[in-house]
Structures are given as structure tokens and as C-alpha cells.
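Peer 1: Here you go, sequence then predicted model.
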Amino acid sequence: MNMGDLPIKAPLVEAPFPLTEVDKWVLSLTDDEFYCHDWEDLKKIIGENNLSVLKRKPSDLRRYITWTSDTKARYGSMTNYLLIHRLPKVWGSPPFTPSSSVPFDDESDYCILINDWPYGLAPGITHIVVWSRTIIDTDLDTGDMTPESRQVVSDFVKKSFADKLGPEGEAKVLWFKNWVALQSVRSLEHIHVLVKDASKELLERWTKELDIHKIEN
């Protein structure tokens, strides 16, 4: 089933992941009552590392719950679905063997995709997910990134996204990595990148499948 074909008012099945208090509140709303995250709101949320308040539109959240439940029933896990349909086949199955121990250092070790289930964002904002087969270090006590890994990711995002958007590119890109407790796919490393006013051509260039990700016949 195509994700977008799920009915807006699909009956809510038992959630296949823990619902946050924000999720429960969103599900009590209609789409008309929901306010999308605009750029200033996103800057504040990410700047304060208050990621738990990021939310999807009510109809999208209901679709996501239903789709996740169906996908887990069919594939056994979200990880299996992603490995089969979204991530490079050449990666194989986890635990992966990356080309570099430094996240995003080698092009073969990461994959850039448009998020199939973005948060409720204002028009002109694109939600990208960058998947990594290299582990991104986190603090075992907090589940958040270490200062060192945060710098590595920040440098990658600047080089790969902000610099491609021109002189004011850094003002058009935000990024975050969900704390471990907030991750819906915990076994696969990934970061979220939000881009403002990126052209269709640039988005296609970022997400184009690379030859190094293909299995040779």
C-alpha cells in the first residue's frame, strides 16, 4: 500500500511505538486546529534541544501509526523494511562494516533520503533523513550526542547542505539527531536535516542513488 493512500480518518490501531504526551495531544486535534512548525519555531526547538515537542499533523500521525503497525506485521520490524526498500543493498544487514569509523567521512557510508513521514512543517521546508552505517557516538547516560560527534555532524551538514545553498545557506539549514528514547528506528543510525527553500533540482541531486551504493551485477 502506498503511504499516501491511507485514509485520513483511519481507525486508530494500537500504537506500535510508545506515544508521547505530545502525540496523544495531537491525536485529539483536527488538522484545522493544528499549527505547523515554521522556521522560527524549529530554530527554537532545535536550539533548546527540546526535540520531544516536534509533532506531525494529526492525520499524518494517524496514518503513520497505521502504516508502522502494518509494516511491522508484514516485515517483522521497521529495520527490515528499510533494509529491503530504502537503504543501499550493498550495506547488507547490521552490524554494518563501514569504510570509515568517522561518521559521514566516506560517501559510501551514508545515504540521503527525503523523509517519508515528515513532521508537520510549514510550506517550503523539506525534511531529509541521512542514514549512516557508521555509529554516531552518544552519551550512555543521556542518550544524546557527545560534543565530539555533534561537531562531526555539524561539519558534515555545513559541507553537504548549507554550502550548496549559497552565501546564506547556513541560515536555511537545521539539523538534529533524536535522543535514543525518541528514535522510532533505533538499530539504524540517522540524523534529521531540515532545509528551507531548496530547489527541486538540488533535492534530487542530494537524494540521487549513488553508484557506490549499488550491487554490481
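Peer 2: Perfect, I can see it now.
Peer 1: Any idea how many residues pack against the residue nearest to residue 172 when sequence neighbours are not counted?
Peer 2: Ranked by C-beta to C-beta, 6 or more residues apart in numbering and with sequence neighbours excluded, the top spatial neighbour of residue 172 is residue 196, at 4.2 Å. All C-beta atoms are positioned from the backbone trio N, CA, C, and that covers glycine. The burial metric for residue 196, expressed as a neighbour count using other C-beta atoms under 10 Å, is 18.
Peer 1: Show the contacting residues for residue 196.
Peer 2: Applying C-beta atoms under 8 Å, 6 or more residues apart in numbering, we find residue 196 in contact with 39, 124-125, 172-173.
Peer 1: for this structure, which helix is longest?
Peer 2: helix 58-75 (DSSP state H).
Peer 1: So which bits of that one are buried?
Peer 2: Within helix 58-75, the residues that qualify as buried by neighbour count (16 or more other C-beta atoms under 10 Å) are 58-69, 71-72.
Peer 1: tell me the two of the residues you listed that are most distant?
Peer 2: Maximum pairwise distance in the buried residues of helix 58-75, criterion C-beta to C-beta, is 21.6 Å, between 58 and 72.
Peer 1: pLDDT weak spots in the chain?
Peer 2: 1-13, 180-186, 217 (pLDDT under 70).
Peer 1: ranges for the helices of it?
Peer 2: 21-26, 39-47, 58-75, 78-85, 147-160, 200-207.
Peer 1: how about TSV for the ones you listed, with distance to residue 188 added?
Peer 2: As requested, these are exported to TSV (distance: least, C-beta to C-beta, whole Å):
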stretch	distance to residue 188
helix 21-26	21
helix 39-47	21
helix 58-75	13
helix 78-85	6
helix 147-160	16
helix 200-207	17
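Peer 1: hey, which of the ones you listed is tucked in deepest?
Peer 2: The densest packing among the helices of the chain, expressed as mean neighbour count by mean count of other C-beta atoms under 10 Å, is seen in helix 58-75 with a mean of 18.
Peer 1: Measure how that one sits relative to helix 78-85, angle-wise.
Peer 2: Calculated by axes from the mean of the first three to the mean of the last three C-alpha atoms, to 10 degrees, helix 58-75 forms an angle of 80 degrees with helix 78-85.
Peer 1: Tell me which other helices or strands helix 58-75 touches.
Peer 2: Secondary-structure packing of helix 58-75 (3 or more C-beta pairs under 8 Å, 6 or more residues apart in numbering; DSSP states H and E): helix 21-26, helix 78-85.
Peer 1: can you list these in a markdown table and add distance to residue 95?
Peer 2: A markdown table is the format used below for these (distance: least, C-beta to C-beta, whole Å):
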| stretch | distance to residue 95 |
| --- | --- |
| helix 21-26 | 30 |
| helix 78-85 | 12 |
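Peer 1: Looking at the ones you listed, which is nearest to residue 151?
Peer 2: When the helices and strands packed on helix 58-75 are compared by C-beta to C-beta, helix 78-85 sits nearest residue 151, at 27.0 Å.
Peer 1: Convert that closest one to CSV, retaining C-alpha atoms only.
Peer 2: Below are the C-alpha coordinates for helix 78-85, written out as CSV (Å, rounded to 0.1, in the frame of the first residue of the first chain):
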residue,chain,number,x,y,z
MET,A,78,11.0,-1.3,10.6
THR,A,79,14.6,-2.1,10.2
ASN,A,80,13.8,-5.0,7.9
TYR,A,81,11.5,-2.7,5.8
LEU,A,82,14.2,-0.1,5.5
LEU,A,83,16.9,-2.6,4.6
ILE,A,84,14.7,-4.0,1.8
HIS,A,85,13.2,-0.9,0.4
